[in-house]
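# pasting the structure only:
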């Protein structure tokens, strides 16, 4: 028996519409990198496209080509990691230019071809990852000719601390971004990520790029989650057994029954992306009642204490993500990580079901 991962496409669309209202009058993209945060980029992308989304972002060219095949012509698909001129998908995808080398390579290719090349210019305002650094930006600001041949759809930056509204880094990045844009040829701007859409009018732009919030992760961690939950992971109980007090369970014998106990073993483990760091910390949901995870999560199996739920039997299903007390964010907190990792770790062995209406 397989565990079932159910993805609620209307909930994802509703989250996008809520975010689009926050981004108005600017457009709001759908970030579907990492296979739609683990939930299926093609399915999510088509649902968002049909709802009116016209801008998408992925991390890699291969992701972009797969999404283009799913969406057809029309929507912009930006590749955050960029790609070299002439690479597969060159005509179908829009590269993000992350360095002066990217700029000069794409501009040179455009001049040779005699056709302007669509691209997005990335300016680093404090992440120190990708994007033109201060020296590269100064060169482009002093010589706009470096951009000749490029059809720059947007200039973008990425907020480092948007999920911390009081962090001074947010205002500093907004200020740096405004200064960078002032020195560049006039073009549309892209600033806010999921959490950035909740920082107020000072972070509005022509195109927001939410990712995690589309998938139900809380973009305002210090406040109740404004987004709808979009997934549910239900795992079948393979076996229920009674053990006496003192009996160890699982690898390493790290947990022993403190009383006569009923153990339910379910068909999910860390090979399925149910994180090993959840060992002894997580809870599942069974019809609104909490079921504690005991012992270690192993590769294919996980054990739960169902002593107080005598009705549970082999063939029943426990909800591991998406039930009461086990939202993706709550699972992440118990694992000592973030909801992004919980979603993007979801494995390929699940039976995936998409709710469409």
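That came in fine, so what should we check first? The structure presented is a predicted model; accordingly, all values stated were derived computationally and were not measured. Numbering: from 1, shown residues only.
# Quick check: end-to-end length of stretch 215-235?
Start-to-end span of stretch 215-235 (CA to CA, to the nearest Å) is 20 Å.
# which parts of that stretch are buried?
Using 16 or more other CB atoms under 10 Å as the test for burial, stretch 215-235 gives 215-220, 225, 227-235. Backbone N, C-alpha and C define where each C-beta goes, glycine included.
# Could you check how far stretch 238-256 is from the centre of its chain?
Mean C-alpha position of stretch 238-256 versus that of the full chain (CA atoms, centre = their mean, to the nearest Å) differs by 36 Å.
# end-to-end on it?
Terminal residues of stretch 238-256 lie 20 Å apart, using CA to CA.
# what about the nearest residue to residue 34 once chain neighbours are set aside, neighbour count?
When the adjacent residues along the chain are set aside, residue 34 lies closest to residue 344, with 4.8 Å between them (CB to CB, 6 or more residues apart in numbering). For residue 344, the count of nearby residues is 17 (other CB atoms under 10 Å).
# Residue 344 contacts residue 36, doesn't it?
No. With contact defined as CB atoms under 8 Å, residue 344 does not reach residue 36; the gap is 9.5 Å.
# Kindly indicate which of the buried residues of stretch 215-235 lies nearest residue 195.
Of all those, the one with the least separation from residue 195 (CB to CB) is residue 219, at 4.4 Å.
# looking at this structure, which residue lies furthest from center?
Most distant residue from the mean C-alpha position of the chain: residue 244, 43.3 Å away (CA atoms, centre = their mean).
# How far off centre is stretch 329-336?
With CA atoms, centre = their mean as the basis, stretch 329-336 stands 15 Å off its chain's centre.
# Identify all contacting residues around it.
With contacts defined as CB atoms under 8 Å, 6 or more residues apart in numbering, stretch 329-336 is touched by 217-218, 221, 225, 275, 277-278, 281-283, 320-321, 338-339, 341-342.
# now do stretch 205-213
So stretch 205-213 is in contact with 15-16, 19, 22-23, 26-31, 33, 37, 55, 57, 154, 156, 188-197, 219, 227, 339-340, going by CB under 8 Å, 6+ apart.
# Just the ones of the residues you listed in strands?
Those of the contacts of stretch 205-213 mapping onto strands are 27-28, 30-31, 55, 57, 154, 156, 188-190, per DSSP state E.
# which residue ranges form the helices in the stretch 1-150 of the chain?
Taking DSSP state H, counting those that start in this stretch as the criterion, the stretch 1-150 of the chain carries its helices at 9-23, 33-37, 41-51, 61-71, 100-113, 134-142.
# Quick one: mean pLDDT over the longest one.
Summarised as a single mean, pLDDT over helix 9-23 is 97.
# now the last one
When pLDDT is averaged over helix 134-142, the result is 97.
# That one - contacts with which helices or strands?
With contacts defined as 3 or more CB pairs under 8 Å, 6 or more residues apart in numbering; DSSP states H and E, the packing partners of helix 134-142 are helix 100-113.
# One more: the fifth one?
When contacts are defined as 3+ CB pairs under 8 Å, 6+ apart, helix 100-113 sits against strand 94-97, strand 117-122, helix 134-142, strand 150-156.
# likewise the fourth one?
Counting by 3+ CB pairs under 8 Å, 6+ apart, the packing neighbours recorded for helix 61-71 are helix 33-37, helix 41-51, strand 55-58, strand 76-79.
# hmm, 10 Å instead?
Packed against helix 61-71 by the contact rule (3 or more CB pairs under 10 Å, 6 or more residues apart in numbering; DSSP states H and E) you find helix 33-37, helix 41-51, strand 55-58, strand 76-79, strand 94-97.
# Can you list the neighbours in contact with that helix?
Applying CB atoms under 10 Å, 6 or more residues apart in numbering, the contact partners of helix 61-71 are 30, 32-36, 40-46, 48-50, 53, 56-58, 60, 74-75, 77-84, 87-95.
# Give the residue spans of the protein that score low on pLDDT.
Applying pLDDT under 70 to the chain picks out residues 88-89.
# and the next element down the chain from the strand ranked longest in it?
Selection of the longest strand in the chain by residue count, based on DSSP E, yields strand 231-243. As assigned by DSSP states H and E, the chain's next helix or strand after strand 231-243 is strand 248-249.
# and the helix or strand that that next one is followed by, what does it pack onto?
Downstream of strand 248-249, the first helix or strand assigned by DSSP H and E is strand 255-256. The contact analysis (3+ CB pairs under 10 Å, 6+ apart) places strand 255-256 against strand 248-249, strand 289-294.
# Now do the end-to-end distance for stretch 30-48.
Start and end residues of stretch 30-48 are separated by 7 Å (CA to CA).
# follow-up on the earlier one: helices and strands around the longest strand of the chain, which ones?
On a contact count with 3+ CB pairs under 10 Å, 6+ apart, strand 231-243 meets strand 4-8, strand 261-266, strand 283-286, strand 302-305, strand 317-321, helix 328-335, helix 339-344, strand 351-355.
# That one to strand 261-266, inter-axis angle?
Orientation of strand 231-243 against strand 261-266 (axes from the mean of the first three to the mean of the last three CA atoms, to 10 degrees) gives an angle of 140 degrees.
# What pairs with strand 231-243, parallel or antiparallel?
Using DSSP bridges, the strands paired with strand 231-243 are strand 4-8 (antiparallel), strand 261-266 (antiparallel), strand 317-321 (antiparallel).
# Mind putting those into a markdown table with distance to residue 164?
Putting the strands paired with strand 231-243 into a markdown table (distance: least, CB to CB, whole Å) gives the following:
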| stretch | distance to residue 164 |
| --- | --- |
| strand 4-8 | 29 |
| strand 261-266 | 36 |
| strand 317-321 | 25 |
